[in-house]
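Engineer: structural data only, the sequence is not supplied:
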């Protein structure tokens, strides 16, 4: 899909101004060290509107992080990570399983220090480590959460682990894995070699028996059968590089993602992967986006995409945007000013009313990051 660049530039200038007036920004919470700080992923939204999320560090152990709940502006730490045998430093958003439990990962800690998969039940407050990563075919250091497939299996990625040595290095290149919540077993789906990518950050997405994703340390988006066979790299255009996050699946079966570099202004942009499996460059971020974008785009009921740029705006503190694939309209919904947050974490979450929720890694009242809402 291509748009006239001159017309789009004029529309962009109008949209940025109009979008800011049409939205209401609300700072919901500023993190203090004992609550956990520096969240690197947006919260997830429960059916009753309660937000659940994780922080990278802080809490009872300075570098371990926390699992938190935010209901309105009532904040609570549900679990401090980092005790003996527990995981630490969760980097990705947890997700709900089919029974309403939260399932997430930590990038380090656990019995072997290579990260964990954990399960928390909001109904009774119970927490358990479901799996300790062990390296090799078991993987090590998941940097994001997992995606639940329509088949009931979880799929994720680790930046370490695998059975082979990465080309040009003496360490493994990372791998894709599946996780069976009933048995707590992890299975190797695909190990990266360096020539086909390395260090995958984002969890793959299951679509019609195939997994789609993008490695974080090089390579292009990929597709692979869920049993690990027929791994194929998807050719890209427009100089797109620095893939790394997971993808979002819309109602028509199209996958959407963002990339941090490439495009007209070398600040990254938005791409899609059609049901045919072909890559399409859709939109280049404006030059003032600076560090581009990462994270999974959120999709509303109308098919519009929402996401973040980690920097940009007058304070270079980042911004939240909306993009309409039908019209090509790109709207900046909010530019951060440091006092209300700085460096918005990967992506946002959106509820049924169209309200957007996200976090920033820094800024706020205590410079430990924030949780915010943008309401229509």
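Structural biologist: Yep, it's here. In this text, all values refer to a predicted model and were calculated from it rather than measured experimentally.

Engineer: all helices for this protein, in order.
Structural biologist: Per DSSP state H, the chain carries helices over the ranges 5-22.

Engineer: residue 232: what's it in contact with?
Structural biologist: Neighbouring residues of residue 232 by CB atoms under 8 Å, 6 or more residues apart in numbering: 222-224. The C-beta positions use only the backbone N, C-alpha and C, and glycine is treated the same way.

Engineer: one more time with 7 Å
Structural biologist: 222-223 (CB atoms under 7 Å, 6 or more residues apart in numbering).

Engineer: what separates it from residue 193, distance-wise?
Structural biologist: 14 Å (CB to CB, to the nearest Å).

Engineer: now do residue 199
Structural biologist: Going from residue 199 to residue 193 by CB to CB gives 12 Å.

Engineer: neighbour count for those two, which is higher?
Structural biologist: Taking other CB atoms under 10 Å, residue 199 and residue 193 do not tie; residue 199 has more neighbours (23 against 16).

Engineer: ok so, going back, what sits in contact with each of residue 199 and residue 193?
Structural biologist: Contacts common to residue 199 and residue 193, judged by CB under 7 Å, 6+ apart, are residue 173.

Engineer: just the pLDDT for the residue nearest to the spatial centre of the chain.
Structural biologist: With distances taken as CA atoms, centre = their mean, residue 295 lies nearest the centre of the chain, 3.9 Å away. Looking at residue 295, its pLDDT is 83.

Engineer: list the contacts of it.
Structural biologist: 245, 258, 307-308, 346-347.

Engineer: what number of residues lie near residue 375?
Structural biologist: Residue 375: 13 neighbours (other CB under 10 Å).

Engineer: that one touches residue 355, doesn't it?
Structural biologist: Yes - assessed by CB atoms under 7 Å, residue 375 is found in contact with residue 355 at 4.8 Å.

Engineer: quick one: stretch 322-333 to chain centroid distance?
Structural biologist: In terms of CA atoms, centre = their mean, to the nearest Å, the centre of stretch 322-333 is found 20 Å from the chain centre.

Engineer: can you get me a residue count around the nearest residue to residue 166 once chain neighbours are set aside?
Structural biologist: Closest residue to residue 166 apart from its sequence neighbours, by CB to CB, 6 or more residues apart in numbering: residue 173 at 3.6 Å. By the measure other CB under 10 Å, the count of residues near residue 173 is 28.

Engineer: so what's the predicted local confidence for residue 173?
Structural biologist: 91.

Engineer: one more: the one 4 residues further on?
Structural biologist: According to the predicted model, the pLDDT of residue 177 comes to 97.
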